[in-house]
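1. Could you work out the structure for the sequence below:
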Amino acid sequence: MEKIEEQFANLHIVKRSSGTEEPTYLLGVDTSRTVHAEEGSLVAALCSSGSIRIYDKERLRVLREFSGSPGLLSGVKFANSHDSIYSACTDGTVKCWDARLASEKPVHQFKGYPSNVFISFDISCNDHVICAGTEKVDDDALLVFWDARVNPQGLSAAKDPLGAYSETHSDDITQVRFHPSNPHLVVSGSTDGLVNVFDISIDNEEDALITTCNSVSSVSYIGWSGKDYKQIYCMTHDEGFCWWDLNHLDTDEPITRLSIQDVRETITVKEGTLDYLVGGLYHEKMDRLFVVGGTNTGRIHLLNCTISGLTHVATLQGGHAATVRSFCWNVRDDCLLTGGEDAQLLLWKPAAVEKTFAKKDSMKIASSVHQRVRVHTSDGYKRRKKQ
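-> The predicted model follows:
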């Protein structure tokens, strides 16, 4: 198998999204897991204007658009087994649209508790459970759960929650991520600096909490990695990186594999500088974890992650003209989708030649998205074992 370094370095732009769209930051990108003859695979992009745009993947042509108005949407995720698209909303719901229907109305809504403002969410790998994280209101920051299974016949009323966790985070819950293959495991991250791992098959919150790790800063991104996905990692709003091994919870070995307070101060990049981190990429076939970062001028850096630190692997350039906010890597065909503050959605493929117009000048606009950056000084992590 060709090394991922070569795969990444060999990527070239094959398509750009249309230049006639309203300029907006592209904050999140996901692709459908199913393929249809009429439109092929679909791409969903979360926009700072408060909408989700649905594109056909090969041409990056906008097919339809969904809005959370008057609420703002956070996150975008396709179901794992069908063409539903989900997003959390500040109006206290998680909304679900059929990505292949032109109707702007959600086909399902999952309603939270009074005063809930949802800013993060995910759906389990078997599409059975939705979990969403809230902003802190008064003294509460909640993880709220729903049964995602609905009657397939027509529209349904908003579904009420199964329950909520309220004791394990003390501030805004910025990230929620289910385990890729175990529907009972979910990890959450918060501006309180904590990263919590839960087994939701256990009845009460205290016993469901497997472990709490501390990033010592506001969490911006979390993910699963390692063989059988028994590791977790996170990035922070001030460009820190932490990586933990859950295999060591019941051993004397340290759980922390790597902890970097500010990656920008430790990394050497061959082409210029590193200004920010975007997210992580675990390559399952190669059993390797990579971190994706970039520059304010639109370059994208791939960093290799080992217990010794982060090292620069490759750089993509000539695509974006401003900060890259989101990406989606497809292992099946080695293609990459990226979205940024230049209002561009790009499709990269190996050894390809761009067939559309050249790189656009920066269309950077004022963002309606507020990033919280807080520094915390609490202890590294605490371990909790199930009784």
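
2. Could you use CA atoms for every contact and neighbour count after this?
-> Will do.

3. I'd like the mean pLDDT over the biggest helix by length in the chain, please.
-> For the chain, the helix reaching the highest residue count under DSSP state H is reported as helix 4-9. Mean pLDDT, helix 4-9: 82.

4. what sits up against that helix?
-> 302, 313, 314, 315, 316, 334, 350 (C-alpha atoms under 8 Å, 6 or more residues apart in numbering).

5. How far away from the center of its chain is the very next helix or strand once past it?
-> Heading C-terminal from helix 4-9, the first helix or strand you meet, by DSSP states H and E, is strand 11-16. A distance of 22 Å separates the C-alpha centroid of strand 11-16 from that of its chain, computed with C-alpha atoms, centre = their mean, to the nearest Å.

6. Need the CA coordinates for strand 11-16. PDB is fine.
-> Taking C-alpha atoms only, strand 11-16 is exported to PDB below (Å, rounded to 0.1, in the frame of the first residue of the first chain):
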ATOM      1  CA  LEU A  11      -3.400  15.200  -4.000                       C
ATOM      2  CA  HIS A  12      -4.500  17.900  -6.500                       C
ATOM      3  CA  ILE A  13      -7.700  19.900  -6.800                       C
ATOM      4  CA  VAL A  14     -10.200  18.400  -9.200                       C
ATOM      5  CA  LYS A  15     -13.200  20.500  -8.400                       C
ATOM      6  CA  ARG A  16     -14.200  23.800  -6.600                       C
END
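
7. Following the chain onward from that strand, which element is next?
-> Sequence-wise, the next helix or strand downstream of strand 11-16 (DSSP H and E) is strand 26-31.

8. Just give me how far the longest helix of the chain sits from the chain centre.
-> 22 Å.

9. do stretch 253-272 as well
-> 20 Å.

10. for it, how far is the first residue from the last?
-> End-to-end distance for stretch 253-272, by C-alpha to C-alpha, to the nearest Å: 37 Å.

11. next one: stretch 69-83
-> Using C-alpha to C-alpha, first and last residues of stretch 69-83 are 22 Å apart.

12. Let me see the mean pLDDT of it.
-> 93.

13. Show the buried residues in the contacts of helix 4-9.
-> 302, 313, 314, 315, 316, 350 (16 or more other C-alpha atoms under 10 Å).

14. Next up, the contacts around the third one.
-> With contacts defined as C-alpha under 8 Å, 6+ apart, the neighbours of residue 314 are 5, 8, 9, 301, 302, 303.

15. Relative to residue 330, how far out is it?
-> Residue 314 is 17 Å from residue 330, by C-alpha to C-alpha.

16. what's the most distant pair in the buried ones among the contacts of helix 4-9?
-> Distances among the buried ones among the contacts of helix 4-9 were taken as C-alpha to C-alpha; the most separated pair is 313 and 350, at 16.1 Å.

17. In CSV: the buried ones among the contacts of helix 4-9, plus distance to residue 275, pLDDT and secondary structure.
-> Listed next are the buried ones among the contacts of helix 4-9 as CSV, based on distance: C-alpha to C-alpha, whole Å; pLDDT from 0 to 100; DSSP: H, G, I helix; E, B strand; the rest coil:
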residue, distance to residue 275, pLDDT, secondary structure
302, 13, 95, strand
313, 16, 92, strand
314, 15, 92, strand
315, 13, 94, strand
316, 14, 95, strand
350, 26, 89, strand
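
18. tell me which of those is nearest to residue 110?
-> Nearest to residue 110 among the buried ones among the contacts of helix 4-9, counting by C-alpha to C-alpha, is residue 302 at 36.6 Å.

19. Identify the residues contacting that closest one.
-> By C-alpha under 8 Å, 6+ apart, the neighbours of residue 302 are 8, 290, 291, 292, 293, 312, 313, 314, 315.

20. If we use 6 Å, what do you get?
-> Neighbouring residues of residue 302 by C-alpha atoms under 6 Å, 6 or more residues apart in numbering: 291, 292, 313, 314.

21. can you list the residues you listed in CSV and add distance to residue 234?
-> Converted to CSV, the contacts of residue 302 look like this (distance: C-alpha to C-alpha, whole Å):
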residue, distance to residue 234
291, 10
292, 12
313, 20
314, 21
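
22. mind listing the strands for the stretch 201-350 of the chain?
-> Applying DSSP state E, counting those that start in this stretch to the stretch 201-350 of the chain gives strands spanning 209-214, 219-225, 231-236, 241-245, 256-260, 276-283, 288-294, 300-306, 309-316, 324-330, 335-340, 345-350.

23. what's the answer for the stretch 51-200 of the chain, then?
-> 51-56, 61-67, 73-78, 84-89, 93-98, 108-111, 118-123, 129-134, 143-147, 163-165, 173-178, 185-190, 194-199.

24. For these, could you give me CSV that also reports distance to residue 227 and mean neighbour count?
-> Converted to CSV, the strands of the stretch 51-200 of the chain look like this (distance: least, C-alpha to C-alpha, whole Å; neighbours: other C-alpha atoms under 10 Å):
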stretch, distance to residue 227, mean neighbour count
strand 51-56, 33, 22
strand 61-67, 37, 18
strand 73-78, 24, 25
strand 84-89, 28, 26
strand 93-98, 31, 24
strand 108-111, 33, 22
strand 118-123, 21, 28
strand 129-134, 24, 26
strand 143-147, 27, 21
strand 163-165, 28, 17
strand 173-178, 16, 26
strand 185-190, 15, 26
strand 194-199, 17, 23
